[in-house]
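**Q** no sequence on hand, only this structure:
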DNA sequence: CGGGCGGCCTGGAGGC
DNA sequence: TGCCTCCAGGCCGCCC
């Protein structure tokens, strides 16, 4: 593998030593931790990516013309390329030793992954007891549950009938258990539809996802609820929008 | 300390 | 047609 960096100015500057560090190494595994993609290289190095809001990591033939915002291009020995493309440059790309991975500032405080066998209703319930925050904000907190973004936080709450503005500490145990279970249901469904290509998201083959066609509340303000005769509403919560059905969600 | 908010970027949509 | 404003899937740092 050979790596060329065309634009190092991501959220954090790409280390100028990165191409030399990765050069000649073989990819032995690819895995995920929360929203971070971990590319395991030989010699216990891990190449970490975060896609930010507009990033894509795609696998293409080398002959594919380079696009604007293709900031990192890794040319593999089979002639194909891995490209990191990110118009807004909010992403992250670093190489670390395997041993340092868990100590990375970005990873060390992450909460449980919702597909971890340790993740269940009581785990989430314990966080809701000590927080007066709005439940939408709690679901977005990566230190509580790792991997949920604004689209899924809204969809999860839409499907359990809880308003995004509800205060965490006022939810009942039963409600929180239903939310925890719905986190897994919604994420599984979104994965089955290959993700939500609301704007920039594409899979590794640069293909669109389909889950945006199955959203019940997100980005549907002014449209009809799919369950009842009401109209979906939108409120600004912090600097991020929240969407809900005023009659289905209490 | 928990938690709210502004800022980082570019691009697309919509108003005028 | 262009120019302007607003908004966007996330995260960090600053402030109270």
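**A** That came through fine. Bear in mind the structure is a predicted one, so any value in this text is a computation, not a measurement.
**Q** pLDDT wise, what is the most centrally placed residue in chain A at?
**A** Geometric centre of chain A, nearest residue: residue A:35, 4.3 Å, by C-alpha atoms, centre = their mean. The model reports residue A:35 with a pLDDT of 96.
**Q** quick check, it in contact with residue A:148.
**A** No: look at residue A:35 against residue A:148 with C-beta atoms under 8 Å: they stay out of range, at 9.1 Å. Bear in mind the C-beta positions are built from the backbone N, C-alpha and C, glycine included.
**Q** domain parsing for chain A?
**A** Each domain of chain A is listed here as a residue range: A:2-103, A:121-244, per automatic domain parsing.
**Q** and the first one, how far out from the chain's middle?
**A** Read it as domain A:2-103. Here the centre of domain A:2-103 is set off from its chain's centre by 16 Å, with C-alpha atoms, centre = their mean, to the nearest Å.
**Q** how long is that domain from one end to the other?
**A** 27 Å (C-alpha to C-alpha, to the nearest Å).
**Q** likewise for stretch A:100-107?
**A** End-to-end distance (C-alpha to C-alpha), stretch A:100-107: 10 Å.
**Q** and if you look at stretch A:47-61?
**A** End residues of stretch A:47-61 are separated by 21 Å (C-alpha to C-alpha).
**Q** what residues sit buried inside it?
**A** For stretch A:47-61, the neighbour count (16 or more other C-beta atoms under 10 Å) marks A:47-52, A:54-58, A:60 as buried.
**Q** give me the mean pLDDT for that stretch.
**A** On average, stretch A:47-61 scores 96.
**Q** for residue A:219, helix, strand, or coil?
**A** Using DSSP: H, G, I helix; E, B strand; the rest coil, the structure places residue A:219 in coil.
**Q** give me phi/psi at it?
**A** phi 60, psi 20 (degrees, to the nearest 10).
**Q** picking that back up, can you pull the contacts of the residue nearest to the centre of chain A?
**A** A:50-51, A:142, A:146-147, A:149 (C-beta atoms under 8 Å, 6 or more residues apart in numbering).
**Q** which of the residues you listed sits closest to DNA strand C?
**A** Checking the contacts of residue A:35 against DNA strand C with C-beta to the nearest atom of the strand, the nearest one is residue A:149 at 2.3 Å.
**Q** residues contacting the closest one?
**A** A:35, A:140.
**Q** residue A:232 touches residue A:248, doesn't it?
**A** No: using C-beta under 8 Å as the test, residue A:232 is too far from residue A:248 to be in contact (9.5 Å).
**Q** okay, the two: which has more neighbours?
**A** Neighbours were counted for residue A:232 and for residue A:248 using other C-beta atoms under 10 Å; residue A:232 has more, 23 against 20.
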